[in-house]
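Engineer: here is a sequence with its predicted model. Questions after.
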Amino acid sequence: MFKTLLCIPPDYEYKFPPLGTPAIVGFLKKKGVSCSQIDLNLRYRDFLTQHVSGPVPLNREERLFFLKPLLSKFFTQNLTDRYYSHMLPRDSDDIFPRLPYGNNTNSSFFFGERLLSSDILWKYLEDAEENTFYQFYLQEGIIRRLEKEDIRLFGISVISPAQAVASLTLGLLVKKALPDVHVTIGGQWPTLYRHAIVQNKDLFRCFDSVVVFEGESAFYEMAVRLERGGSVSPVPNVMTQDTASAETVARRDEDMNGLPCPDFDGLPLGDYSAGKGGQVSLTFETSRGCYWSKCAYCVDLPLPKPSYRAKSADIVVNDIKELKSRYNAQYLLLGDPGLSPRQMRAISEKMLRDGVAMEWWTMARLDPGFNAELFELAYSAGLRQINFGFESANDRVCDLLDKGNLRERSSRIIRECARSGIKVDLQTIAGLPGESFEEGLETVDFLIAHKEYIASVTFNFYYLSPGNHVYRDPGKYGIAYDRTGPMPFRFFTPFRNINGMDMAQAYLLEKMHYSLLHKDDPAAAEKNPDPGAYTADGYADLSLNGESCRLRYRKDPRTEEYMFIEHGDTNDQKHAPVYATD
């Protein structure tokens, strides 16, 4: 029987299992295709922790805890004499004052976008001495698994630019060792950069095809055609080396009501960090596309945007029942770009009618359709947190960017949501196109005025990224950037906010917010005690590629919090932020 294996490559986040491969596996199995999946992302993290040690043996949790700050220090301070060192971001770089998403390793957006445009790409992809992804794949024995299981179609799900280098490394390794295996990549990254991929045909050395936009039907038709010895070129949503341009690819959106329940078989569900105390937490979706679909800066749904389609509440709740029964799932993250009030109501009513006990959280807009009655209904149905796309409290800025938020409406919704018992998490963006510092202060003022209703605030800083209206028409939104840059896979594009604040001012807004938030707060002072309170000193080491990195720390035995010290001197007050063990 024709066999398919899908994988989640490094380096991605570890909280919830990504939904991409489980959605396709469920679809393929329903169609009778033999299919399995593997999370190489979690296994890569475990591979790296094998290189973490301390003066006394560290357990797995301790090695995981120290891994991220160790990797950050290792790649930014140690690797200065390698042929690729100039592509790693340094503390002295002024391209961006600070890079988001932990952007400081060989999985960083910064490194990946530069490597993909360089003449050392192919050297690094096959470098067993320097490329940690290559080393991991050899140790993992992925080639042996493909051979043993007689895999004919191998899919690599690339969600983030942080997975690009690892994915190309894996694809090239498989194509060289097993040229008869059809390797395909799919996901948000290839969809966003589909034009660049077609224009850089050399990349097809790493894969045979690219699935763009949605992948269920595309994967099924590819499997059928490959089993019959046919070409996959005519399949909608699929690009090959023969594709003339991304515009020529036929596009197809899935019928949500025709999609089966996602299949998480083969994934180590107990290893994702969102599932605490043995709890199984899964990702799920009730719709695709965005019912608003207007935000000028949105990169999650690159242009041209998919149509909005919602799965019926009956099917949603039946799927939830199946996830609960098959995997003992107790918590769901709904990955919809924005759960609509209508969809929230229909799902909540159905869950209550059927007596389904499941806690869940979702993302949503500050939509006028939300009200106290709906929040109370949803809370009764298990909704425990909403991540709202708030961005700014200034109506002019929201109007310029077609966000659709209004300050007074946002205030009402946040208060009513919190009063229902649902936690409110707000996503903000400082330094939006055309946003002045004074307008940014309005956002800070709003957050402080509503702090009793807000469980958490995530401060994001605006970075120009491709695939949206601002990138396509910068002048309309008051920004300027160089369109002739040499990096076709660049994600963070340097720009000038002609009519708005600069990044230094945006960072200042964040500092002001947290300073005001914790003013006269004894609890905050307890969480950040004086450095003198850290009584237990120690260190952890990371050894990779012939070099070692040491991270010195002090631990407060009362709070189980760490202070990471930049240098070995215990009197040195130049230290990194405090990290808590929880």
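Structural biologist: Looks like it arrived, so ask away.
Engineer: so what's the residue count around the nearest residue to residue 169 once chain neighbours are set aside?
Structural biologist: Using Cβ to Cβ, 6 or more residues apart in numbering and skipping residues adjacent in sequence, the residue nearest residue 169 is residue 133, 4.5 Å away. No exception for glycine: its C-beta is placed from N, CA and C like everyone else's. For residue 133, the neighbour count with other Cβ atoms under 10 Å is 26.
Engineer: residue 133 against residue 170, yeah?
Structural biologist: Yes - the criterion here is Cβ atoms under 8 Å, and residue 133 meets it with residue 170 at 7.1 Å.
Engineer: what sits against residue 265?
Structural biologist: Contacts for residue 265 (Cβ atoms under 8 Å, 6 or more residues apart in numbering) come out as 25, 36-37.
Engineer: so which of the residues you listed sit within helices?
Structural biologist: If you go by DSSP state H, these have residue 25 in helices.
Engineer: which of the contacts of residue 265 has the largest number of neighbours?
Structural biologist: Neighbour max across the contacts of residue 265 (other Cβ under 10 Å) = residue 25, 27 neighbours.
Engineer: mind checking how far the nearest residue to residue 25 once chain neighbours are set aside is from residue 24?
Structural biologist: Take residue 25 and drop its neighbours on the chain: the residue closest to it by Cβ to Cβ, 6+ apart is residue 263, 4.4 Å away. For residue 263, the distance to residue 24 (Cβ to Cβ, to the nearest Å) stands at 9 Å.
Engineer: neighbour count: these two, which is higher?
Structural biologist: Between residue 263 and residue 24, counted using other Cβ under 10 Å, residue 24 has the larger neighbour count: 29 against 24.
Engineer: wait, what's in contact with the closest residue to residue 189 other than its chain neighbours?
Structural biologist: Nearest non-adjacent residue to residue 189, counting by Cβ to Cβ, 6+ apart: residue 158, 4.2 Å away. By Cβ under 8 Å, 6+ apart, the contact set of residue 158 is 9, 164, 167, 185-190.
Engineer: can we see that at 6 Å?
Structural biologist: By Cβ atoms under 6 Å, 6 or more residues apart in numbering, the residues touching residue 158 are 167, 185, 187, 189-190.
Engineer: please enumerate the helices of the stretch 51-200 of the chain.
Structural biologist: Ranges of helices in the stretch 51-200 of the chain, per DSSP state H, counting those that start in this stretch, are 60-73, 109-115, 121-125, 132-140, 142-148, 164-177, 188-192, 194-199.
Engineer: quick one: list the elements packing against the last one.
Structural biologist: Applying 3 or more Cβ pairs under 6 Å, 6 or more residues apart in numbering; DSSP states H and E, we find helix 194-199 packed against no helix or strand.
Engineer: tell me how far it is from the chain's mean position?
Structural biologist: Here helix 194-199 is found 22 Å from its chain centre; the criterion is Cα atoms, centre = their mean, to the nearest Å.
Engineer: how long is stretch 258-273 end to end?
Structural biologist: Distance between the two ends of stretch 258-273: 31 Å, counting by Cα to Cα, to the nearest Å.
Engineer: which positions within the helix or strand where residue 217 lies qualify as buried?
Structural biologist: Applying DSSP states H and E as the criterion places residue 217 in helix 216-227. For helix 216-227, a neighbour-count test (16 or more other Cβ atoms under 10 Å) marks 216-226 as buried.
Engineer: which strands and helices sit next to the next helix-or-strand element following it?
Structural biologist: Per DSSP H and E, the first helix or strand lying C-terminal to helix 216-227 is strand 238-240. On a contact count with 3+ Cβ pairs under 6 Å, 6+ apart, strand 238-240 meets strand 209-211.
Engineer: list phi and psi for residue 383.
Structural biologist: phi -70, psi 130 (degrees, to the nearest 10).
Engineer: quickly note the distance from the closest residue to residue 456 other than its chain neighbours to residue 363.
Structural biologist: Taking Cβ to Cβ, 6+ apart, and ignoring the residues beside it in sequence, residue 456 has residue 425 as its nearest neighbour in space, at 4.9 Å. Distance, residue 425 to residue 363, by Cβ to Cβ: 9 Å.
Engineer: what's the answer for residue 167, then?
Structural biologist: Taken as Cβ to Cβ, the span from residue 167 to residue 363 is 26 Å.
Engineer: between these two, which one's more packed in?
Structural biologist: Taking neighbours as other Cβ under 10 Å, residue 167 and residue 363 compare with residue 167 leading, 26 against 19.
Engineer: I figured that one hits residue 9, correct?
Structural biologist: Yes - taking contacts as Cβ atoms under 6 Å, residue 167 lies within contact range of residue 9: 4.8 Å.
Engineer: what do those two both touch?
Structural biologist: By Cβ under 6 Å, 6+ apart, the residues touching both residue 167 and residue 9 are residue 156.
Engineer: still on that earlier bit, what's the helix holding residue 217 in contact with?
Structural biologist: Residues contacting helix 216-227 (Cβ under 6 Å, 6+ apart): 2, 4, 24, 27-28, 31, 33, 153, 182, 211, 232, 235, 237-238, 254.
Engineer: show me which of those residues are buried.
Structural biologist: 4, 24, 27-28, 31, 33, 153, 182, 211, 232, 235, 237-238, 254.
Engineer: would you list these in CSV and tack on pLDDT and distance to residue 480?
Structural biologist: Compiled in CSV, these are given as follows (pLDDT from 0 to 100; distance: Cβ to Cβ, whole Å):
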residue, pLDDT, distance to residue 480
4, 98, 46
24, 98, 41
27, 98, 44
28, 98, 46
31, 97, 49
33, 97, 49
153, 98, 45
182, 98, 44
211, 98, 35
232, 97, 41
235, 97, 40
237, 98, 34
238, 98, 37
254, 97, 38
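Engineer: quick one: which two of those residues are the most distant?
Structural biologist: The largest distance within the buried ones among the contacts of helix 216-227, taken as Cβ to Cβ, falls between 182 and 254 and amounts to 21.8 Å.
Engineer: related to what we said a few turns ago, can I get the buried residues of helix 216-227 in TSV including pLDDT and distance to residue 393?
Structural biologist: Compiled in TSV, these are given as follows (pLDDT from 0 to 100; distance: Cβ to Cβ, whole Å):
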residue	pLDDT	distance to residue 393
216	98	40
217	98	42
218	98	42
219	98	43
220	98	46
221	98	47
222	98	47
223	97	50
224	97	52
225	97	52
226	97	53
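Engineer: closest to residue 63 among these?
Structural biologist: For the buried residues of helix 216-227, the minimum distance to residue 63 (Cβ to Cβ) is 36.0 Å, reached by residue 219.
Engineer: of the contacts of residue 158 - the most surrounded one?
Structural biologist: Highest neighbour count within the contacts of residue 158, by other Cβ under 10 Å: residue 185, with 28 neighbours.
Engineer: where does the stretch 251-400 of the chain dip in pLDDT?
Structural biologist: Applying pLDDT under 70 to the stretch 251-400 of the chain flags no residue at all.
Engineer: okay, strands next: where are they in it?
Structural biologist: Taking DSSP state E, counting those that start in this stretch, the strands of the stretch 251-400 of the chain run over residues 280-284, 287-288, 309-310, 329-334, 359-364, 383-391.
Engineer: what pairs with the third one, parallel or antiparallel?
Structural biologist: According to DSSP bridges, strand 309-310 forms sheet pairs with strand 287-288 (antiparallel).
Engineer: try the longest one
Structural biologist: Strand 383-391 has the following sheet partners, assigned by DSSP bridges: strand 359-364 (parallel), strand 423-430 (parallel).
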